[in-house]
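A.B. asks: Build me a structure from this.
(one chain, ligands or ions: 1)
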Amino acid sequence: MKVLFVSSECYPLVKTGGLADVVGALPPALRGLGVEAHVLLPAYPGVLEQVEAQLAVARWHDLFGGSATLLTGVATTGARLFLLVAPHLFERAGGGPYIGPDGHDWPDNHLRFGALSRAAADIALGRVHWLYPDAVWRPDVVHLHDWQAALTAAYLHYDPRPGAPTSLLTIHNLAFQGQFPMSTARELGLPWEAERLDGLEFYGNLSFLKAGVSWCDHVSTVSPTYAAEIVTPEHGMGFDGLLRSRANSLTGIVNGIDDDLWNPGTDAALVPPYVHYSIRNFDGKAVNKRALQAELGLEQRDDVPLFCVVSRLTHQKGIDVLAQVMPMMAGRGAQFAVLGAGDRELEDGVRRVAENHPGRVSVTIGYDETLSHRMQAGSDAIVVPSRFEPCGLTQLYGLRYGTLPVVARVGGLADTVIDANPAAMASRAATGFLFHPVDADNLSHALHRACDLFADRDAWRSVQHCAMASDVGWSTAAAQYRDLYERIIRVRTH
Ligand code: ADP
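C.D. replies: Residues are numbered from 1 along each chain as shown. This next block holds a predicted model:
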């Protein structure tokens, strides 16, 4: 079976969040199950240098204002790639895949990701001008990821052709919907019907995501709880009605994590004074705590719990609530290590807490992959106070590293962490701490519970053991995706 992943991010080439991790890890995991997955990705600056064995295989004379070339190549993770080289759209200095140097979205993001979607549809429909007979490649399934890829479904819908592949949209975060003024429809080469309510009209704008939700054969999201949440008005972000109408074609599959990259026994970020450790050889965890405390300027103490946060600093992630709670918990002796970047106001808020609590609270503003690994390896617990969380990855890394998750009971967090309540403790099933709803009282209550358990070394150790034994790799999810591809192909052909 051939599957074309269409995505604006793919680890390690370009990443702003969990989307990249999934698109980087799932295709190699699928290969072991007989699925040949290729990832179609824009060739942003810096991407080409990281890809081996590039070969031009197709060309467009005019893709929304300039010519474009399709290169094949292989990422260091083994992911097979189609890179869309379109200098007029993607070869720009800026702050990541979506924003320019001024910190604002590129004004032509509709064309940039419209082009990605157009190219995907052309590959899907066999409309590509392949440069060699050997290069011809047509997928059985197009697997679209988030709004940046979702317009592919519109191009397939408005150009029905026999032999078109089956389509799957995965929503990694419903908050990002790809909304643009209706006037962009013409620039995107969409027919006039696209401007109607039964087209892509969404509260007066044009929504890329709506194309995927309306017309993909199936829609999935990244946890069963989030799949149930997004059909409700509270979490549906305007899409709940449309998603309810697709309820029979909506599935939740929990993400896995890359077992090789996130393995405390082999983690490349753990160089001296950090050490490797495992469920059987656990002493290294204490060594890493001391190393992390030293690196971040925290008091070097074994007897107080060290909570870390690795997150975008946004309202979704509950960072305002965290900032409220940290001073009181630091007063109790707890330590915090925060790594993240995002909203200026929230960055300033957590920075102020660190200034007022030297030695107890450390805040690193920025994006630092190496430090994120060390924080997982050296902390006792990881805090994820998200207001909503489609799946969440950092709590899964926490489980793998024996860094107990303290998480809001929402979305994928609810599906992956088992609360250390008396029943779960008695049956040795507990892996972390859950709280709900997200407010300062509930978060501090959960943190106090964690502090209390931390004081009971044997009980804490037993929960760590259970956390590290959790199945968080990709093999289960990859098999579920393979089964889903097979199911939607069967449904289409019957
Ligand atoms: P989201 O995709 O909503 O940002 P996830 O928990 O699904 O949240 O994924 C976040 C990913 O980004 C994780 O791999 C996490 O380790 C990483 N990450 C987030 N912020 C930072 C940061 N400041 N530095 C390094 N890695 C980060």
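A.B. asks: what secondary structure does Thr251 sit in?
C.D. replies: Classification of Thr251 by DSSP: H, G, I helix; E, B strand; the rest coil places it in strand.
A.B. asks: Distance of the residue of the stretch 101-250 of the chain found nearest the ligand relative to Val222?
C.D. replies: Closest approach between the stretch 101-250 of the chain and the ligand, counting by CB to the nearest ligand atom: Asn173, at 5.9 Å. Quick note: C-beta positions are derived from backbone N, CA and C, even for glycine. With distances taken as CB to CB, to the nearest Å, Asn173 is found 9 Å from Val222.
A.B. asks: which of those two has more neighbours?
C.D. replies: Val222 (26 against 21; other CB atoms under 10 Å).
A.B. asks: my guess is that one meets Val23, correct?
C.D. replies: No - here Val222 lies out of contact with Val23, judged by CB atoms under 8 Å, at a distance of 11.8 Å.
A.B. asks: Okay, buried residues for stretch 149-160 please.
C.D. replies: Buried residues in stretch 149-160, counting neighbours by 16 or more other CB atoms under 10 Å, are found at Ala149, Ala150, Leu151, Thr152, Ala153, Ala154, Tyr155, Leu156, His157, Tyr158.
A.B. asks: okay, the residues you listed in JSON lines with secondary structure, pLDDT and distance to the ligand next?
C.D. replies: Listed next are the buried residues of stretch 149-160 as JSON lines, based on DSSP: H, G, I helix; E, B strand; the rest coil; pLDDT from 0 to 100; distance: CB to the nearest ligand atom, whole Å:
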{"residue": "Ala149", "secondary structure": "helix", "pLDDT": "98", "distance to the ligand": "16"}
{"residue": "Ala150", "secondary structure": "helix", "pLDDT": "98", "distance to the ligand": "17"}
{"residue": "Leu151", "secondary structure": "coil", "pLDDT": "98", "distance to the ligand": "21"}
{"residue": "Thr152", "secondary structure": "helix", "pLDDT": "98", "distance to the ligand": "21"}
{"residue": "Ala153", "secondary structure": "helix", "pLDDT": "98", "distance to the ligand": "22"}
{"residue": "Ala154", "secondary structure": "helix", "pLDDT": "98", "distance to the ligand": "25"}
{"residue": "Tyr155", "secondary structure": "helix", "pLDDT": "98", "distance to the ligand": "27"}
{"residue": "Leu156", "secondary structure": "helix", "pLDDT": "98", "distance to the ligand": "27"}
{"residue": "His157", "secondary structure": "helix", "pLDDT": "97", "distance to the ligand": "28"}
{"residue": "Tyr158", "secondary structure": "coil", "pLDDT": "97", "distance to the ligand": "31"}
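A.B. asks: now stretch 56-63, how far from the centre of its chain.
C.D. replies: 30 Å (CA atoms, centre = their mean, to the nearest Å).
A.B. asks: Could you list the residues of the stretch 301-450 of the chain in contact with the ligand?
C.D. replies: 310-312, 339-341, 367-369, 372, 391-394 (CB under 6 Å from any ligand atom).
A.B. asks: Closest one of those residues to Leu33?
C.D. replies: Cys391 (20.4 Å; CB to CB).
A.B. asks: How is the closest one assigned, secondary-structure-wise?
C.D. replies: Assignment for Cys391 (three-state DSSP): coil.
A.B. asks: Around it, count how many other residues there are.
C.D. replies: 27.
A.B. asks: The one 5 residues further on too?
C.D. replies: By other CB under 10 Å, 26 other residues sit near Leu396.
A.B. asks: That one contacts Val472, correct?
C.D. replies: Yes - shown here, Leu396 and Val472 form a contact pair, counting by CB under 8 Å, at 4.6 Å.
A.B. asks: Between Asn173 and Val222, which contacts overlap?
C.D. replies: Pro390 (CB atoms under 8 Å, 6 or more residues apart in numbering).
A.B. asks: if we can go back for a sec, overlap in contacts of Leu396 and Val472?
C.D. replies: Gly256, Ile257, Thr416.
A.B. asks: The ligand: which of the residues you listed is nearest?
C.D. replies: Nearest to the ligand among the shared contacts of Leu396 and Val472, with distances taken as CB to the nearest ligand atom, is Ile257, at 8.3 Å.
A.B. asks: my read is that closest one is in a strand, agree?
C.D. replies: No - checked against three-state DSSP, Ile257 lies outside a strand; its state is coil.
A.B. asks: Just give me the neighbour total for it.
C.D. replies: 22.
A.B. asks: confidence score at it?
C.D. replies: For Ile257, the pLDDT comes out at 92.
A.B. asks: how about it, what does it touch?
C.D. replies: Ile257 touches Asp21, Ala25, Leu393, Leu396, Tyr397, Arg400, Val472, Gly473, Trp474, counting by CB under 8 Å, 6+ apart.
A.B. asks: which phi and psi does it have?
C.D. replies: phi -120, psi 160 (degrees, to the nearest 10).
A.B. asks: go on, His143?
C.D. replies: phi -110, psi 100.
A.B. asks: Model confidence at it, what's the number?
C.D. replies: Reading off the model, His143 has pLDDT 98.
A.B. asks: Could you give the bridge partners of it?
C.D. replies: Phe5, Leu168 (DSSP bridges).
A.B. asks: ok, it - how many residues close by?
C.D. replies: His143 has 31 neighbouring residues, counting by other CB under 10 Å.
A.B. asks: Quick check: chain neighbours aside, which residue is closest to the residue positioned nearest the centre of the chain?
C.D. replies: Nearest to the mean C-alpha position of the chain, by CA atoms, centre = their mean, lies Gly18 at 1.6 Å. Closest residue to Gly18 in three dimensions, ignoring its sequence neighbours and counting by CB to CB, 6 or more residues apart in numbering: Leu393, at 4.8 Å.
A.B. asks: Likewise for Gly342?
C.D. replies: Using CB to CB, 6+ apart, the nearest residue to Gly342 is Leu313, at 3.4 Å.
A.B. asks: can you check Ala420 too?
C.D. replies: Ala430 (3.8 Å).
A.B. asks: Let me see the contact set for that neighbour.
C.D. replies: Ile418, Asp419, Ala420, Asn421, Ala424, Val463, Cys466.
A.B. asks: Now the fourth one. Its backbone dihedrals?
C.D. replies: Read it as Asn421. Per degrees, to the nearest 10, the backbone of Asn421 is at phi -80, psi 170.
A.B. asks: Quick check: the gap between it and Ser427.
C.D. replies: From Asn421 to Ser427 the distance is 10 Å (CB to CB).
A.B. asks: Just want to know which of the two has more residues nearby.
C.D. replies: Shown here are Asn421 and Ser427; by other CB under 10 Å, Asn421 has more neighbours (13 against 10).
A.B. asks: near the ligand, which residues of the stretch 51-200 of the chain?
C.D. replies: So the stretch 51-200 of the chain meets the ligand at Asn173 (CB under 6 Å from any ligand atom).
A.B. asks: Perfect, that will be all.
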